[in-house]
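Asks: how would this look folded up:
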Amino acid sequence: MLSQDIPLEWLLVIPVVAGFIGWFTNWLAIKMIFYPKKYLGIRLGRLHLGWQGIIHRKADGFARVVGKQVSEQILQSDTLIPEVDPKIANEFIDRFPELWNEIESGQLLPDLLGEQWEKMSPMQRQMVSMQIRFDSRSLFIEIIKMTRQKFIERFDMRAVVTRRLSNDSHLLAKLYGDIARPELKRIEVFGLYFGFLIGAAEALLFSMFELNWLIFIFGILIGAFTNWLAIEMIFKPRHPVNILGFKYQGLFPKRQSEIAVQFGEIGATHVLPVSALVEEIMATLQQQDFIGELEDTSKRWLTRIVENYRSHLPDDVSSEWIANKAVDLFYQKKLHVQEELSVEFERLLAPRYRVSELITENLLQLPKEKFERVLRIVVEQDETTLILIGAVIGFMISAVQFSVFS
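Replies: Numbers count the residues shown, from 1 in each chain. Modelled structure (predicted):
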C-alpha cells in the first residue's frame, strides 16, 4: 500500500525521472563515441581528467582492425582491377601517341639501332618495321596485363585501408556514424523505455518501504543497465527469437542487407574510391624495385619477340641488346606522361570499378557472428567505461532527485 507520507504525484515523478536517466545516459554514451573530436580536459602527468571521442582517440587501433576485416573478409586485391580487355587496352594505347606511334611507325628504329640501322639493307629495314608494327600492339597489351598482375601481387589491401582510415579519424567516424545511425537512435529510445519501466518498479518499492537509499540504487542501476541492455539489443540475438509471442532480432543483424549496401557505398566513395586506387597504382609504378621487376620481364619478352626477325638484323646486334635499349627508351618517355597516365587510368577504371558491389556482396555472405564484428569493434573496448559512466550519471541525477524529495 502507498505510504501516507508521500504524495502520489511525487511517486509518479519517479518513473519519469528514471526514464530521463535511461535516455540521457544512453544519449551521452553515444555522443562520447564520436565527441569531442579532440581531447577535452586537463593532463597532470600521467593523470588525465578529460575525454576524447572513442573513435578519434583510438582511430589507429580501429583502422588496423577494419583494415584486417576488409582484407580478410570483404575485399581481395585481385578483384579491384578488372581483367584487361584488349579493346580497352588499345583505347588506352591510342591516348598516348607519344609513347606508341614512334614504335608502330618505325621512327624509333633509327634511334634504337643507331649505326646498326645504317648497315641494314632497305629490304631488311622494311621487314623489321613491318614485324614491329605487327607485334607492338600485342606486346603492349601483354605488358599492361603483366603490370596489372604484378600490382595485384604487391597491393596490400590491409595496409592501404588502415592508412587511409588512421590518417583521417573523421572518415572513420563518418563510416560508422552513417551506418549505425538508426541503431544509435534506438539506443536512446530503449534507454527511455527501460528507464521508465525500472522507475515504475522503483516507485512501487519506495511507496511500500520508503527506503531513501533505493533512489540511489535504482539511479545507478538504470544508468548502467540501460546502457548495457541497449548495446546488447543492437547486436543480439543474431537470429530471430520469440519473446512473449513477439519475434525479435538484434537491430544490426536484422539490417544486414541494408547495412551491406551502405558500407559498400561509403567504402567506394570515401575509403577506397577509384582515385585512391589510381594513386596506389601510380605510386607503385614509380617504385624502383617494381620498375626493375617490370623491366626485367619486359626485356625477356622483347628478346623472344626480336628472335622472330633476328635473321633481318645485322649479325653483330643481339636480341638482348635491342630489348634492353627498347625498354630504356620507353621508360625515358614514360617519365614525361605521369600526370596523363593517372588521368587515363582513372577514366578507364571508373566505369568498371565494382568496389561498392563487391563489398555489398561479401558482407551479405558473412555469417552473423562475423558480420557483428564490423560494427561491434567501435564500442566493445569501451563498453565497460560507457556502462560505468551511465552508472555515475544515474547516481548524480538520483542525488538531485533525493534532494528534491527531501
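Asks: Confirm that Asp242 lies within a strand, as I assumed.
Replies: Quick fix: residue 242 is Asn, not Asp. Yes: secondary structure of Asn242 (DSSP: H, G, I helix; E, B strand; the rest coil): part of a strand.
Asks: start the count at 49, not 1, going forward
Replies: Okay, using 49 as the starting number, the last item reads as Asn290.
Asks: What is the neighbour count of it?
Replies: For Asn290, the count of nearby residues is 8 (other Cβ atoms under 10 Å). No exception for glycine: its C-beta is placed from N, CA and C like everyone else's.
Asks: So what pairs up with it in the strands?
Replies: Lys295 (DSSP bridges).
Asks: And it, how far from Ile282?
Replies: Per Cβ to Cβ, to the nearest Å, Asn290 is found 19 Å from Ile282.
Asks: got a list of what the nearest residue to Asn275 once chain neighbours are set aside touches?
Replies: Once flanking residues are discounted, Asn275 sits nearest to Gly438: 3.8 Å by Cβ to Cβ, 6 or more residues apart in numbering. The neighbourhood of Gly438, defined by Cβ atoms under 8 Å, 6 or more residues apart in numbering, consists of Thr73, Asn74, Leu76, Ala77, Gly271, Ala272, Thr274, Asn275, Trp276.
Asks: ok, now Pro84?
Replies: Contacts of Pro84 by Cβ under 8 Å, 6+ apart are Trp99, Gln100, Gly101, His104.
Asks: Quick check: phi and psi at it.
Replies: Torsion angles at Pro84 (phi, psi; degrees, to the nearest 10) stand at phi -70, psi 160.
Asks: Can you report how many residues neighbour Phe294?
Replies: The number of residues packed near Phe294 is 7, by other Cβ under 10 Å.
Asks: Also Gly67?
Replies: Applying other Cβ under 10 Å, we find 22 residues neighbouring Gly67.
Asks: and it, what element?
Replies: helix 56-82 (DSSP states H and E).
Asks: residues of that helix that come out buried?
Replies: Across helix 56-82, burial judged by 16 or more other Cβ atoms under 10 Å covers 59, 61-63, 65-78, 80-82.
Asks: Out of the contacts of Pro84, which sit inside helices?
Replies: Mapping those onto helices (DSSP state H) picks out His104.
Asks: and the two most separated of the contacts of Pro84?
Replies: Maximum pairwise distance among these (Cβ to Cβ): 10.4 Å, between Trp99 and His104.
Asks: For the two, indicate the residue with more neighbours.
Replies: Each of Trp99 and His104 has its neighbours counted (other Cβ under 10 Å); His104 has more, 19 against 15.
Asks: Spell out for me which residue occupies the centre of the protein.
Replies: Central residue of the chain (Cα atoms, centre = their mean): Val319, 4.6 Å from the mean position.
Asks: Surely that one and Val208 touch.
Replies: No: contact criterion Cβ atoms under 8 Å: Val319 and Val208 do not qualify, at 9.3 Å.
Asks: Can you check what angle separates the lengthiest helix in the chain from helix 56-82?
Replies: The longest helix of the chain (DSSP H) is helix 217-257. Comparing the axes of helix 217-257 and helix 56-82 via axes from the mean of the first three to the mean of the last three Cα atoms, to 10 degrees yields an angle of 160 degrees.
Asks: Just list what helix 217-257 packs against, helices and strands only.
Replies: Contact here means 3 or more Cβ pairs under 8 Å, 6 or more residues apart in numbering; DSSP states H and E; on that basis helix 217-257 packs against helix 56-82, helix 102-105, helix 107-117, helix 205-214, helix 261-283, helix 299-302, helix 304-314, helix 416-428.
Asks: Where does the prediction get shaky in the stretch 199-348 of the chain?
Replies: Residues of the stretch 199-348 of the chain meeting the criterion pLDDT under 70: 257-260.
Asks: do the same with the stretch 49-198 of the chain
Replies: 49-57, 144-162, 164-165, 180-182.
Asks: rerun at 50
Replies: For the stretch 49-198 of the chain, residues meeting the criterion pLDDT under 50 lie at 49-52.
Asks: by contact count, what packs against the helix or strand where Asp337 lies?
Replies: For Asp337, the host element (DSSP H and E) is helix 336-354. Here helix 336-354 touches helix 170-202, helix 367-382, going by 3+ Cβ pairs under 8 Å, 6+ apart.
Asks: Save the ones you listed as CSV, and put in mean neighbour count too.
Replies: Output for the helices and strands packed on helix 336-354, formatted as CSV (neighbours: other Cβ atoms under 10 Å):
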stretch, mean neighbour count
helix 170-202, 16
helix 367-382, 16
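Asks: and the nearest residue to Ala447 once chain neighbours are set aside, how many neighbours?
Replies: Nearest non-adjacent residue to Ala447, counting by Cβ to Cβ, 6+ apart: Phe264, 7.2 Å away. Residues within reach of Phe264, counting by other Cβ under 10 Å, total 15.
Asks: same thing with Leu213?
Replies: Leu213 has 23 nearby residues by other Cβ under 10 Å.
Asks: Next: Ile136.
Replies: For Ile136, using other Cβ under 10 Å, the count is 16.
Asks: just checking, Phe273 touches Ile246?
Replies: Yes: in this structure, Phe273 is within contact of Ile246 by Cβ under 8 Å, at 7.1 Å.
Asks: Dump the helices and strands packed on helix 217-257 to a markdown table, plus distance to Phe338.
Replies: Formatted as a markdown table, the helices and strands packed on helix 217-257 follow (distance: least, Cβ to Cβ, whole Å):
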| stretch | distance to Phe338 |
| --- | --- |
| helix 56-82 | 39 |
| helix 102-105 | 35 |
| helix 107-117 | 22 |
| helix 205-214 | 15 |
| helix 261-283 | 43 |
| helix 299-302 | 41 |
| helix 304-314 | 30 |
| helix 416-428 | 33 |
